[in-house]
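Asker: Sequence first, then the predicted structure, then my questions.
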Amino acid sequence: MKMRMTCLALLLCLLLTACGGKEPDSQGRTSLLGEAAGLEEEEVLVTVDGREVPAWRYLYWLAWTCGQMRERYESSGTVLDWDTPVSGGTLAQYVKDQALADTVLYAVVENLAEKAGYASSEEVGAKAALPDMGLDEAQMAQLEDVGRMYGWLYDRYCAGEGSLTPTQEELEAYGKTGGFLTLDRILIPAGEDREAARQRASEVFSRLNGAEDQGAAFSALAAEGGDQVGPRTLAPDSAELDGELLAAARELQAGQCSGILETQEGFSILRRLETDPEALKEPYFDDRLLDLAEAAEVTTAPAYDG
């Protein structure tokens, strides 16, 4: 099963956002879900590489995933039908599989951290801001601790410790096979006068082509346009850049500039750069976690099928 990056983003959220705890609520939504499923919250529903996972964790992710799907359908003005056919089954089966994927990923993080010697008493990170699905204080604390485990593993990884740390050669190979792009961009927004922006883009392009040091000129012109971010490394499915621009960027060689590219946003000139392996460390870490989650030995209790 292919894991989602959303779950990793929530792990990061556990570290970065502070909020207060909640009082236990016997009528919370997680308890109601347990009732509806005919399950005790602490009943073992899933086992991941030998780690027993209580039903409430899976039900939490199932409720969250259903909520995300419902919001997506509402925002598109489409009627939600859980029997809708999708790849691999119905929409209902899809959200069930995604909830299991998230549950497995959290268990894998716990297994890795405990094997590496993590101690839950360590002060690493703040309290969490999880989506409100009716967790009580004890349940919230467990998920908060998984967020701290993730941060602890990542800190060790950045320090060159732990089993997930790659060699330089592995990072370089990952960048090539993973389809990452490092780009600098000059953007002339269309604004209210597209023709004026078009003319401005032509002027910028002429200045760029007439420069002795095209790299330095490109950076200066990008800054003139208000883009102070500088070069950025993008994953193949990045939403940071228009799809047409990404496609054009893939045709460039390192050090090469594009022509003037027009999109709804305005006029862009791209410059492709060599990807610095250091910029790949974070996505490599997350992808390794996802790979381990996919490879985990997962067994479900008979109640899961219901």
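Answerer: All right, it came through fine.

Asker: From here on, just use CA atoms for contacts and neighbour counts.
Answerer: OK.

Asker: tell me the average confidence for the helix or strand containing residue 290?
Answerer: Mapping residue 290 onto the secondary structure by DSSP states H and E places it in helix 281-295. The average pLDDT within helix 281-295 is 94.

Asker: show me where the stretch 151-300 of the chain has strands.
Answerer: Assignment of strands within the stretch 151-300 of the chain using DSSP state E, counting those that start in this stretch yields the ranges 181-189, 232-234, 261-262, 266-273, 298-300.

Asker: Which residues are in contact with residue 231?
Answerer: Taking Cα atoms under 8 Å, 6 or more residues apart in numbering as the definition of contact, the neighbours of residue 231 are 182-185.

Asker: and the residues you listed as TSV, adding pLDDT and distance to residue 297?
Answerer: As requested, the contacts of residue 231 are arranged in TSV below (pLDDT from 0 to 100; distance: Cα to Cα, whole Å):
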residue	pLDDT	distance to residue 297
182	93	36
183	94	39
184	93	42
185	93	44
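
Asker: from those residues, which is closest to residue 172?
Answerer: Of all those, the one with the least separation from residue 172 (Cα to Cα) is residue 182, at 13.0 Å.

Asker: If you tally nearby residues, what's the number for the closest one?
Answerer: The number of residues packed around residue 182, counting by other Cα atoms under 10 Å, is 18.

Asker: if we can go back for a sec, any idea which of the strands of the stretch 151-300 of the chain gets closest to residue 62?
Answerer: Among those, the nearest to residue 62 by Cα to Cα is strand 298-300 (14.8 Å).

Asker: neighbouring contacts of that closest one?
Answerer: In contact with strand 298-300 (Cα under 8 Å, 6+ apart) are residues 45-49, 104.

Asker: Now the two most distant members of the residues you listed.
Answerer: For the contacts of strand 298-300, the farthest-apart pair by Cα to Cα is 45 and 49; their separation is 13.5 Å.

Asker: buried stuff in the helix holding residue 290?
Answerer: Going by neighbour count (16 or more other Cα atoms under 10 Å), the buried part of helix 281-295 is 281, 284-286, 289-290, 292-294.

Asker: With residue 67 as the reference, measure out to residue 162.
Answerer: 36 Å (Cα to Cα, to the nearest Å).

Asker: Neighbour count for the two, which is higher?
Answerer: Set side by side, residue 162 and residue 67 show more neighbours around residue 162, with 16 against 13, by other Cα under 10 Å.
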